[in-house]
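Enquirer: Sequence plus predicted model, see below.
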Amino acid sequence: MLETTPSIIYTTLYETCNTELDQLAYQLCRILNQKGHSSIFMPRDGYGHISILVDEPTASFSQVYAAKYAGLGTVGYNHTLLTPQYGPRVRFVSVLTSLKIPGTRLVKEQLCTHCLMCAKCCPTHAFEIDKSSKIGSMNKIKCAEYHAQLREAYRFPCGVCIKVCPVGKDRELYESNNMSKYLSYDKENQEYQSWKHCQRYGSKPLENAVNHHPTSRVACPVRFGVRDHALLADSDAQFWIDWLVKDGKIKEEQFKPSDIYTNQFNPYYEK
Ligand code: SF4
Ligand code: SF4
C-alpha cells in the first residue's frame, strides 16, 4: 500500500494504523490507571491542520526519540526511526506511565546505511544531500507545504522517504529489494502502470507537484510549487484563499482564484 504513495490507498492505511494505535494506547492507559499506575498517552500526531505545520513545523512530542530511547531502533538520515524489522515503515504511539518496567537496551549499531535514497527521491528536495552528516538537514516547511497539497488531493501523507529506504527485513518478505526502480521509471513498465492505476481513482490529480514517478529526482524535473513554464492554475490560488478564509483574514467567497492571478503575460500561456 505504501508503494502506491501518494494515493488514497496509502491514506487509508495511514489513517487505519493511526486510529488503531491511539485506541490501543488509550486502552492500555485505562488498564494501567485502574491498576494504580498513573499513565497518559501521547497521540501520534499533535496538530489541528497541516497549515499550522507550514508556519511552525515543530512537534510537541517526538515519537521518534521516544521509540529510540525505548530501544526500538536508530534515527536515520530521513529523521525517522529505523527498525531492524521494518526499517522506517512503522508508526508509533507513546504511553508514559509510573509503572516501573525493566528497560530495553538501546540499539547501538546504526541501521541507516547512509545511502541517501530518501534524499534523492524526496519529491520536494527537502533534504540537503550531505554525506558527512548522520541526520540530514531537512527543510520541514517544504515537506509541510507539499503535505498541504496532498491533503487537498486526498493523498496525504507523502512517505516517499520511508518507502524507498532499503533498511528492514520487510524488504525480503515483500521481495522488494530492487532499489534502482525508485531512481528511474519506464512508462511501459507494468509496475509503473499499476502504480498510476492505483493513484488514478479516488483522489484528485497533483497538478502542482509530482507529474511523473513520485520517487525520482531524475524523472521528476518539476520541482514543488512550480509548474512547467511557471504557469499558474486556479488550484494554486484557491489553496491560499482557503487558508486565509480559515484564518479569518478574508470572508468566504470574497475572492475567486481569477481575481488574484493571471497567466496573461506568460509567453507560454495558450488560451
Ligand atoms: S515525507 Fe515526502 S516531502 Fe516530506 S521529506 Fe519525506 S519524501 Fe520529502
Ligand atoms: S534511505 Fe538510506 S540514508 Fe535514508 S534513512 Fe534509509 S538507509 Fe538512511
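Expert: Looks like it arrived, so ask away. Ligands and ions are numbered 1, 2, ... in the order given.
Enquirer: for the lengthiest helix in the chain, packing partners?
Expert: Looking across the chain with DSSP state H, the single longest helix is helix 8-34. Other elements packing on helix 8-34 under the criterion 3 or more CB pairs under 8 Å, 6 or more residues apart in numbering; DSSP states H and E are strand 39-42, strand 94-97. Just so you know, the C-beta spots here come from the backbone N, C-alpha and C atoms, and that holds for glycine as well.
Enquirer: can I get those strands in TSV with mean neighbour count, distance to ligand 1 and mean pLDDT?
Expert: As requested, those are arranged in TSV below (neighbours: other CB atoms under 10 Å; distance: least, CB to the nearest ligand atom, whole Å; pLDDT from 0 to 100):
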stretch	mean neighbour count	distance to ligand 1	mean pLDDT
strand 39-42	18	21	95
strand 94-97	16	21	96
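Enquirer: and the ones you listed as TSV, adding distance to R105?
Expert: Shown next, in TSV, are these (distance: least, CB to CB, whole Å):
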stretch	distance to R105
strand 39-42	23
strand 94-97	19
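Enquirer: Can I get those in JSON lines including distance to ligand 2?
Expert: JSON lines is the format used below for the helices and strands packed on helix 8-34 (distance: least, CB to the nearest ligand atom, whole Å):
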{"stretch": "strand 39-42", "distance to ligand 2": "23"}
{"stretch": "strand 94-97", "distance to ligand 2": "21"}
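Enquirer: How many residues are close by the residue nearest to K251 when sequence neighbours are not counted?
Expert: Excluding the flanking residues, the one nearest K251 by CB to CB, 6 or more residues apart in numbering is V245, at 7.1 Å. Using other CB atoms under 10 Å, V245 has 15 neighbouring residues.
Enquirer: tell me the mean pLDDT for stretch 57-72?
Expert: Computed over stretch 57-72, the mean pLDDT rounds to 92.
Enquirer: hmm, back to that, which positions in the longest helix of the chain come out as buried?
Expert: 8-11, 13-14, 21-22, 25, 29, 32 (16 or more other CB atoms under 10 Å).
Enquirer: before we move on, what about stretch 174-193?
Expert: 181-183, 185, 192.
Enquirer: and those residues as TSV, adding secondary structure and distance to ligand 2?
Expert: Formatted as TSV, the buried residues of stretch 174-193 follow (DSSP: H, G, I helix; E, B strand; the rest coil; distance: CB to the nearest ligand atom, whole Å):
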residue	secondary structure	distance to ligand 2
K181	helix	14
Y182	helix	10
L183	coil	12
Y185	coil	18
Y192	helix	21
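Enquirer: follow-up on the earlier one: among the buried residues of helix 8-34, which one sits closest to T83?
Expert: L21 (15.0 Å; CB to CB).
Enquirer: That closest one is in contact with F92, isn't it?
Expert: Yes: between L21 and F92 there is a contact at 7.4 Å, judged by CB atoms under 8 Å.
Enquirer: tell me, what's touching these two both at once?
Expert: Taking CB atoms under 8 Å, 6 or more residues apart in numbering as the contact rule, the neighbours common to L21 and F92 are R44.
Enquirer: How about the contacts made by the residue nearest to K251?
Expert: Taking CB under 8 Å, 6+ apart as the definition, contacts of V245 comprise 251-252, 254.
Enquirer: Can I get the buried residues of helix 8-34 in TSV including pLDDT and distance to ligand 1?
Expert: Output for the buried residues of helix 8-34, formatted as TSV (pLDDT from 0 to 100; distance: CB to the nearest ligand atom, whole Å):
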residue	pLDDT	distance to ligand 1
I8	94	17
I9	94	16
Y10	94	11
T11	95	13
L13	94	15
Y14	94	12
L21	95	19
D22	94	21
A25	97	23
C29	98	29
L32	98	33
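Enquirer: okay, those in a markdown table with distance to ligand 2 next?
Expert: Output for these, formatted as a markdown table (distance: CB to the nearest ligand atom, whole Å):
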| residue | distance to ligand 2 |
| --- | --- |
| I8 | 25 |
| I9 | 22 |
| Y10 | 18 |
| T11 | 22 |
| L13 | 20 |
| Y14 | 19 |
| L21 | 22 |
| D22 | 26 |
| A25 | 26 |
| C29 | 31 |
| L32 | 33 |
